[in-house]
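>>> based on what follows, work out the 3D shape:
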Amino acid sequence: MLDRSKIVGSPVSRIDGPLKVTGAAKYAAEHFEPGMLFGHVALATIAAGRILAIDTRAAERLQGVVKIYTHENRPKAAYRDSKWKDAVALPGHPFRPLENDRVLFDGQPVAFVVAETPEAARDAAGLIHVHYAAETPNTHIVAEQHNSYEPPVARMKQFLPPPPRGDAEAAFAAAPHKVSADYVLPGEHHNPMELFAATVRFEDEGRLTIQDKTQGSQNSRDYVCGVFGLDPDKVIVKNDFVGGAFGQALRPKHHLFLAVMASLDLSRSMKVEMTRREMFYLSWRPSCVQTVSLAADDEGYLQAVLHHAVHTTSRHEDYQENVANWSGLAYKCDNVKISYELVKLDLATPGDMRAPGAASGVAALETAMDELACEVGIDPLELRVRNFVHRDQNQDKAITSKALHACYREGAERFGWVARSPTPRSMRDGNDLVGWGMAGGIWEAMMSKGEAKVRLSADGHVTVSAAASDIGTGTYTILGQLAAEVFDCPIDAVTVDIGRSNLPKTGVEGGSWTAATTGSAVQAAAKAVVKTLLGHAQSMENSPLAEASEEQVEISEGRLVLEANHQVGTAIADIMAAAGLDAVEEQAKVGPDILSMRRYAAYSHSAVFVEVKIDEELGVVRVTRVVSAVAAGRILNAKTARSQILGGVVMGIGMALHEEGLIDHRTGRIMNHNLAEYHVPAHADIHDIDVIFVEEQDQRASPIGVKGLGEIGIVGVAAAVSNAIFHATGKRIRNLPITIDKILESEAVQ
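Predicted coordinates for the structure are as follows:
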């Protein structure tokens with residue numbers, strides 16, 4: 001019998017890997033249709049104001065140009081905001097490309113060229129001249145934070161600050177040890193490898209098949225159907241392969257609207273692919289200013305926590321994240337006050353970027369915890385251990401499981417934390433200052449509603465179907481593993497069919513909930529197949545399973561058998577033959593356990609340990625070692641799970657040391673809108689990263705015991721790096737990213 005323990009949880013290589021490394025996997029821009037047209041966008045060169053006139057005459061004369069769209073001739077689209085709102089839309093007014101003469105942000109589409117070739121479309125877009133009445137933009141969050149406001153409508157209930165506990169101000173004033181500081185984070189930009197693109201195949205009777213770079217094919221389908229009044233049965237959106245997304249592809253972007261608009265208007269197939277520059281004008285991690293104040297007694301036990309966060313949104317939408325609430329639940333404290341506000345700036349609407357809210361909020365909290373440890377004179381790890389809490393105090397709920405103690409213990413042991421010298425600037429390696437820092441991480445373990453279909457053929461082949469997306473996280477593989485476990489078959493006997501809007505319904509891939517949701521649906525559908533097989537087996541004459549219940553049987557080596565005695569059973573092929581079937585297919589729906597959600601809160605946790613080495617004269621920082629210990633429930637695939645955490649750690653290093661959208665606040669324009677000047681970690685920046693998955697059982701978080709890994713890998717990393725830099729230099733830098741100039745200019749904390 002196949003050992004089930006070697007299917008789920010084992011380091012199975014990606015089943016889609018060969019297609020990707022050989023170039024056979026086609027992404028959204030790599031599909032072609034005979035006679036298709038190509039589109040290119042002309043972008044605004046101001047951040048606020050109005051369009052006075054658009055001169056398209058030179059562009060229209062260019063050979064190959066078919067049509068140029070502006071706000072003056074754009075075909076009609078839906079009027080009501082509700083028609084433009086996608087599944088993860090925000091409060092406010094969704095952006096409508098080419099709707100009017102108003103310019104809301106730098107890089108806004110102001111014209112759209114359609115041509116016979118992509119080169120002609122691009123060249124023509126460069127010939128369009130736009131005359132503006134420019135206004136003075138406001139794009140600096142530090143300068144504008146006095147204009148902040150509380151969101152009038154909550155995007156999600158859990159984003160609302162919890163009610164105050166105790167009297168935080170009085171407790172802070174009375175405590176013997178306290179720290180209070182402002183932490184500033186700039187805007188960050190996702191920039192996945194694959195550019196946003198849509199290829200629209202225009203078919204008879206107005207049918208459309210759309211290849212879109214998206215984290216949710218059904219979300220994109222519903223969006224275009226709502227905006228253009230299309231029949232959902234006549235629109236199919238596919239996203240078989242997605243070359244990275246990190247949250248940027250959760251919401252439909254203007255490339256999709258423009259491609260469908262032109263296809264419908266011209267009755268032709270269309271392709272639109274964004275430029276790298278355009279990627280900087282889409283959703284992005286918002287700039288944020290946070291004030292964190294912590295107080296403790298002489299033993300390091302927290303007496304007060306105050307966290308106020310202000311972050312950016314656009315003029316037209318209220319983008320919201322769960323930034324500050326983590327400070328009310330990460331550690332035990334009876335006196336807590338959390339507040340959260342937005343400030344409207346002349347920028348594009350921000351969006352979810354890996355661990356939205358937590359990556360920013362925990363960076364400030366965990367840096368403040370390090371500062372408090374120094375103030376009290378206690379080891380930073382010991383401070384966190386002493387303030388460990390088993391309950392979500394924000395919601396007054398029990399936590400389904402919390403193996404954070406194991407993360408602390410195993411991570412510290414692997415890193416060698418016990419050898420840390422507590423005094424800043426006391427550890428050296430030749431000319432390098434050496435710093436060791438650590439931080440904790442937390443992320444919600446969520447599950448949404450989802451469906452999946454599983455088909456078992458008489459020859460033993462299994463097909464799994466769901467509209468879920470694989471954005472590089474390994475969804476194809478883990479769904480195949482879950483099915484293989486139930487049917488006791490090798491992974492190559494399973495076909496995973498995902499990434500298409502006409503498959504069983506799932507939500508967008510985001511929030512680290514896809515494994516819990518679609519994985520649970522696959523398991524439920526597979527078990528439904530087993531139940532159906534049992535019913536057919538019991539209808540057979542002299543069936544050895546006549547008295548067996550669903551809970552007593554399983555599939556082993558192509559037979560339906562008693563779990564307690566595999567000698568008792570019937571071949572699946574014989575069961576189907578007797579029933580006159582060539583396959584058994586079942587579909588299942590899953591969703592969060594509402595009763596459990598009322599009593600429990602579920603989170604993934606981590607402890608991140610970082611070593612930095614800093615050239616004392618040059619201020620150059622190298623992150624030489626990282627140990628990330630993660631508690632995320634059941635690990636479905638050790639290899640893809642490790643890759644998830646590795647990617648999160650690298651992005652966290654980028655957040656700490658590299659990434660920053662630079663805006664000329666005089667004009668409101670992004671200056672470094674390319675990968676040459678927008679710095680992300682390169683291979684030379686990344687050294688040893690050690691990932692530990694601690695043992696954690698949690699059947700309340702999801703039916704299959706998983707908690708999700710997409711976000712937890714980045715949370716806390718930036719703070720751990722920052723804390724290590726302080727330990728190395730004695731300089732506390734609270735404005736990310738920590739660049740060479742800041743290290744050289746800062747004074748050591750006395």
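>>> what's the local residue count around residue 96?
Neighbour count for residue 96, taken as other CB atoms under 10 Å: 18. The way it works is simple: take the backbone N, C-alpha and C, and place the C-beta from them, glycine included.
>>> so for residue 285, what's the pLDDT?
With respect to pLDDT, residue 285 scores 98.
>>> identify the residues contacting it.
Applying CB atoms under 8 Å, 6 or more residues apart in numbering, we find residue 285 in contact with 185, 187, 188, 189, 190, 350, 353, 356, 359, 360.
>>> check which helix or strand the nearest residue to residue 43 once chain neighbours are set aside maps to.
Once flanking residues are discounted, residue 43 sits nearest to residue 107: 4.8 Å by CB to CB, 6 or more residues apart in numbering. Assigned by DSSP states H and E, residue 107 falls within no helix or strand.
>>> surely residue 107 and residue 277 touch.
Yes: contact between residue 107 and residue 277 holds when scored by CB atoms under 8 Å: they sit 7.5 Å apart.
>>> distance of residue 663 from residue 143?
11 Å (CB to CB, to the nearest Å).
>>> neighbour-wise, which of these two wins?
Taking neighbours as other CB under 10 Å, residue 663 and residue 143 compare with residue 663 leading, 24 against 12.
>>> run through the bridge partners of the more buried one.
Beta bridges link residue 663 to residue 670, judged by DSSP bridges.
>>> OK, contacts around it?
139, 140, 187, 347, 669, 670, 671.
>>> thinking again about what came up before, what about the residue nearest to residue 43, how many residues close to it?
22.
>>> now it: how far from residue 533?
Distance of residue 107 to residue 533, computed by CB to CB: 56 Å.
>>> hmm, which helix or strand of the chain has the shakiest average pLDDT?
When each helix and strand of the chain is scored by mean pLDDT, DSSP states H and E, helix 594-599 comes last, with a mean of 89.
>>> quick one: strands adjacent to the helix or strand following that helix?
Proceeding N to C from helix 594-599, the next assigned helix or strand is strand 600-601, under DSSP H and E. On the basis of DSSP bridges, the sheet neighbours of strand 600-601 come out as strand 397-399 (parallel).
>>> show me what counts as buried in the strand it pairs with.
Residues of strand 397-399 classed as buried: 397, 399 (neighbour count, 16 or more other CB atoms under 10 Å).
>>> list the contacts of that strand.
By CB under 8 Å, 6+ apart, the residues outside strand 397-399 that reach it are 390, 391, 392, 599, 600, 601, 602, 603.
>>> what are the ranges of the helices in the stretch 251-400 of the chain?
Using DSSP state H, counting those that start in this stretch, the helices of the stretch 251-400 of the chain run over 254-266, 276-279, 358-376, 380-386.
>>> turn those helices into a markdown table, including distance to residue 726 and mean neighbour count.
A markdown table is the format used below for those (distance: least, CB to CB, whole Å; neighbours: other CB atoms under 10 Å):
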| stretch | distance to residue 726 | mean neighbour count |
| --- | --- | --- |
| helix 254-266 | 42 | 24 |
| helix 276-279 | 33 | 17 |
| helix 358-376 | 7 | 26 |
| helix 380-386 | 10 | 20 |
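>>> so can I have CSV of those helices showing mean pLDDT?
As requested, the helices of the stretch 251-400 of the chain are exported to CSV (pLDDT from 0 to 100):
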stretch, mean pLDDT
helix 254-266, 98
helix 276-279, 96
helix 358-376, 98
helix 380-386, 98
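>>> could you dump the ones you listed to a markdown table with distance to residue 208?
Shown next, in a markdown table, are the helices of the stretch 251-400 of the chain (distance: least, CB to CB, whole Å):
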| stretch | distance to residue 208 |
| --- | --- |
| helix 254-266 | 7 |
| helix 276-279 | 23 |
| helix 358-376 | 36 |
| helix 380-386 | 53 |
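>>> which of those helices sits closest to residue 23?
Closest to residue 23 of these, according to CB to CB: helix 276-279, at 20.7 Å.
>>> by contact count, what packs against that closest one?
Here helix 276-279 touches strand 37-43, going by 3 or more CB pairs under 8 Å, 6 or more residues apart in numbering; DSSP states H and E.
>>> give me the mean pLDDT for the strand it packs on.
On average, the pLDDT along strand 37-43 is 98.
>>> identify the residues contacting the following helix or strand past it?
The helix or strand immediately downstream of strand 37-43 is strand 49-55, counting by DSSP H and E. With contact meaning CB under 8 Å, 6+ apart, strand 49-55 is reached by 70-72, 101-103, 110-111, 128-135.
>>> the helix or strand where residue 652 lies packs against which elements?
Under the criterion of DSSP H and E, residue 652 resides in helix 638-657. Judged by 3+ CB pairs under 8 Å, 6+ apart, helix 638-657 is in contact with helix 358-376, strand 621-631, strand 688-693, helix 717-729.
>>> how is the protein divided into domains?
With domains defined by automatic domain parsing, the chain comprises 4-24+447-591, 31-136+193-245+249-279, 145-188+284-446+598-745.
>>> just how off-centre is the longest one within its chain?
In other words, domain 145-188+284-446+598-745. 16 Å (CA atoms, centre = their mean, to the nearest Å).
>>> for that domain, measure first residue to last.
This stretch, domain 145-188+284-446+598-745, spans 25 Å end to end (CA to CA, to the nearest Å).
>>> what about residue 214, how many neighbours?
By the criterion of other CB under 10 Å, residue 214 has 33 neighbours.
>>> show me what contacts it?
Neighbouring residues of residue 214 by CB under 8 Å, 6+ apart: 220, 237, 239, 242, 249, 252, 256, 469.
>>> leaving out chain neighbours, which residue sits closest to it?
In this structure, residue 214 finds its nearest non-sequential neighbour in residue 220, 4.6 Å apart by CB to CB, 6+ apart.
>>> quick one: pLDDT of the one you found?
Looking at residue 220, the pLDDT reads 98.
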